[in-house]
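Asks: below: sequence and its predicted model.
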Amino acid sequence: MTHREVLGDGAAHRQPGNYGPVDVEGIQRRGDVVRQIIQHRGRRGIAGVSMVAELDSLFVDAVAKAIRASGLMGAYKATGLIARQLADTLYATARGLKYTSATREAFVDGMTLAVRAMCAPLREAP
């Protein structure tokens, strides 16, 4: 089973602070993916990509999938950008904000602004 099959559609879209029902099965599936990565890393030894980088890549893949499903790529078609590049941009923004934001609230505000800016073409589309 690939990580894309395990991650499926990802978490439902929610407003900040509204976490809704807990998806226990989804958490268990994601835990299984982490265990598989750890076991795989054990077989490969310490050479190669770190486990953290692998998990980061899984996360960016899930964000790219959500971007593709959103219709956003139609708005970016003329730019030649692909969903993975937009997801990488959001991830890089999140990493930077993680280390520069003094509070969780500042991080959330910064990411909200970044997502609004990235999704602005959707509001302009006919």
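Replies: Good, I have the coordinates.
Asks: residue 102 in helix, strand or coil?
Replies: coil (DSSP: H, G, I helix; E, B strand; the rest coil).
Asks: can you pull out the low-pLDDT segments for this protein?
Replies: Within the chain, the stretches with pLDDT under 70 are 1-49, 125-126.
Asks: please, where are all the helices along it?
Replies: 3-7, 24-44, 51-70, 72-76, 83-100, 104-124 (DSSP state H).
Asks: got those helices as JSON lines, with mean neighbour count columns?
Replies: For glycine as for every other residue, the C-beta is placed from the backbone atoms N, C-alpha and C. Formatted as JSON lines, the helices of the chain follow (neighbours: other C-beta atoms under 10 Å):
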{"stretch": "helix 3-7", "mean neighbour count": "15"}
{"stretch": "helix 24-44", "mean neighbour count": "12"}
{"stretch": "helix 51-70", "mean neighbour count": "16"}
{"stretch": "helix 72-76", "mean neighbour count": "16"}
{"stretch": "helix 83-100", "mean neighbour count": "15"}
{"stretch": "helix 104-124", "mean neighbour count": "13"}
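Asks: residue 82: neighbour count?
Replies: By the criterion of other C-beta atoms under 10 Å, residue 82 has 14 neighbours.
Asks: contacts only, for residue 84.
Replies: Residues near residue 84 by C-beta atoms under 8 Å, 6 or more residues apart in numbering: 60, 61, 64.
Asks: now with 7 Å?
Replies: For residue 84, the contacting residues are residue 64, by C-beta atoms under 7 Å, 6 or more residues apart in numbering.
Asks: how far away is it from residue 78?
Replies: 18 Å (C-beta to C-beta, to the nearest Å).
Asks: distance check, the closest residue to residue 94 other than its chain neighbours against residue 67.
Replies: Closest residue to residue 94 apart from its sequence neighbours, by C-beta to C-beta, 6 or more residues apart in numbering: residue 111 at 6.0 Å. Counting by C-beta to C-beta, the gap from residue 111 to residue 67 is 15 Å.
Asks: with residue 123 instead?
Replies: 16 Å.
Asks: gap between the closest residue to residue 73 other than its chain neighbours and residue 52?
Replies: Nearest non-adjacent residue to residue 73, counting by C-beta to C-beta, 6+ apart: residue 83, 5.8 Å away. As judged by C-beta to C-beta, residue 83 and residue 52 stand 23 Å apart.
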